[in-house]
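A.B. asks: mind looking at a prediction? Sequence and model below.
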Amino acid sequence: MSDTLYIDRLRKTYGTLRALDDVTFSVAPGEIFGFVGSNGAGKSTTMRIILGVLAADSGQVRLGEKPIDFDRRRRIGYMPEERGLYPKMKVGDQLTYLARLHGMSRADAEASARTWTDRLEVGTRYDDNVADLSLGNQQRVQLAAALVHDPAVLVLDEPFSGLDPVAVDVMSDVLKDKAAQGVPILFSSHQLELVERLCDRVGIISRGAMTALGSVDELRTRDGNVLEVAGPDPSYGWADALPGVLAAEYTPEVTRLRVSPDVDDQAVLTAALAHGPVHRFAAAPPTLTELFRELV
Ligand SMILES: Nc1ncnc2c1ncn2[C@@H]1O[C@H](COP(=O)(O)OP(=O)(O)OP(=O)(O)O)[C@@H](O)[C@H]1O
């Protein structure tokens, strides 16, 4: 079992630009945390500070109760945004070398390099130079490089970008397996449907500040639940005065209702039926993509 990764009030400025402003969140053992935000929002800066590639102006990164130090950082598997493989080195040699840097014996390092290249479906390229692989396959090797030393924490900067759908599935399964083993996983992505599907919790960062933090369900219902009702005549504003209805938007096809969590949905349905037949009645919380557009 790993420790929780704590990111505590990180601040970072580049000249006059405040890249991070009190960024705080944590990733628990076994949790998959999706870090999302527009280009330039501060995701890579946060991850670089976690890895110690960059120093924060203030704030702290902790693994468990203790501030992260060199030894603790060695337990992290990191996939940097600027991919860092040696193009003229063979895939297998490179992964073995990286595992040995993290303290594995030669035999264990080689076995692990084999395991991960097979698992990420690049085992047949084990003896090829990295530069001879397609970009997607290089990315699979990059993920193998983050995993080869059996890390206790994973920090992955856009691990899914540029991957075909099969590779996305392979990568997703790997992350789920690592989470099931108790590894805390932090990854950034612009693929919000994937984040919605894969993550236990999500943090949305905008211009260096966290604007939302929580489970996907919490975020989707944070402004109340949404009910969509198709059918009843919209012209009467039939839902305006119902208890628990916070806002109503009427179109000829559908009425969208923002409702409080304790609304009596059967009373809403009865009111709808009093104004005409109801063809559809369903909860319709915003998708993560809609929420993201609203927040950033
Ligand atoms: N070395 C640097 N010097 C000056 N400014 C920098 C430097 N690195 C990053 N920045 C700026 O800091 C801000 C945050 O950048 P960062 O790379 O962390 O964003 P990001 O969320 O990872 O973006 P993306 O999704 O495009 O990768 C941006 O405005 C960026 O231009």
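C.D. replies: Happy to help now that I have it.
A.B. asks: what residues are up against the residue in the stretch 51-200 of the chain positioned nearest to the ligand?
C.D. replies: Distances between the stretch 51-200 of the chain and the ligand by Cβ to the nearest ligand atom are smallest at residue 81, namely 5.8 Å. Every C-beta, even on glycine, is put in place using the N, C-alpha and C of the backbone. Residue 81 is in contact with 44, 47, 157, 158, counting by Cβ atoms under 8 Å, 6 or more residues apart in numbering.
A.B. asks: would you say it is within a strand?
C.D. replies: No: using DSSP: H, G, I helix; E, B strand; the rest coil, the assignment for residue 81 is coil, not a strand.
A.B. asks: so how far is residue 272 from it?
C.D. replies: 49 Å (Cβ to Cβ, to the nearest Å).
A.B. asks: show me which residues of the stretch 1-150 of the chain are close to the ligand?
C.D. replies: If contacts are counted using Cβ under 6 Å from any ligand atom, the residues of the stretch 1-150 of the chain sitting beside the ligand are 14, 17, 19, 37, 39, 40, 41, 42, 43, 44, 45, 81.
A.B. asks: and for stretch 51-59, what are the contacting residues?
C.D. replies: Outside of stretch 51-59, the residues that reach it under the criterion Cβ under 8 Å, 6+ apart are 7-13, 20, 22-24, 45, 48-49, 68, 70, 73, 76, 78, 80, 155.
A.B. asks: which ones among these lie within strands?
C.D. replies: Within the contacts of stretch 51-59, residues falling in strands by DSSP state E are 7-13, 20, 22-24, 76, 78, 155.
A.B. asks: of the residues you listed, grab the buried ones for PyMOL.
C.D. replies: Burial among those is assessed by 16 or more other Cβ atoms under 10 Å; the matching PyMOL selection reads:
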select buried, resi 7+8+10+11+12+20+23+76+78+155
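A.B. asks: and the ones in strands among the contacts of stretch 51-59, which two are furthest apart?
C.D. replies: The most widely separated members of the ones in strands among the contacts of stretch 51-59 are 13 and 76, with 24.6 Å between them, by Cβ to Cβ.
A.B. asks: using CSV, list the CA coordinates for the single longest helix found in the chain.
C.D. replies: Determined from DSSP state H, the single longest helix within the chain is helix 165-180. Extracted as CSV, the C-alpha positions of helix 165-180 are listed here (Å, rounded to 0.1, in the frame of the first residue of the first chain):
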residue,chain,number,x,y,z
PRO,A,165,-8.3,3.8,-29.4
VAL,A,166,-6.8,0.3,-28.8
ALA,A,167,-3.7,1.9,-27.0
VAL,A,168,-6.1,4.1,-25.0
ASP,A,169,-7.8,0.9,-23.8
VAL,A,170,-4.5,-0.8,-23.0
MET,A,171,-3.3,2.3,-21.1
SER,A,172,-6.6,2.6,-19.2
ASP,A,173,-6.5,-1.0,-18.1
VAL,A,174,-2.9,-0.6,-16.9
LEU,A,175,-3.9,2.5,-14.8
LYS,A,176,-6.9,0.6,-13.3
ASP,A,177,-4.7,-2.3,-12.4
LYS,A,178,-2.1,-0.1,-10.7
ALA,A,179,-4.9,1.7,-8.8
ALA,A,180,-6.2,-1.7,-7.7
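A.B. asks: mind listing the helices for the protein?
C.D. replies: Taking DSSP H, the helices of the chain run over residues 43-51, 70-73, 91-101, 106-119, 135-147, 165-180, 192-198, 216-220, 265-273, 288-295.
A.B. asks: need these in a markdown table with mean neighbour count, can you?
C.D. replies: Written out in a markdown table, the entries for these read as follows (neighbours: other Cβ atoms under 10 Å):
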| stretch | mean neighbour count |
| --- | --- |
| helix 43-51 | 23 |
| helix 70-73 | 13 |
| helix 91-101 | 21 |
| helix 106-119 | 17 |
| helix 135-147 | 21 |
| helix 165-180 | 15 |
| helix 192-198 | 18 |
| helix 216-220 | 17 |
| helix 265-273 | 15 |
| helix 288-295 | 16 |
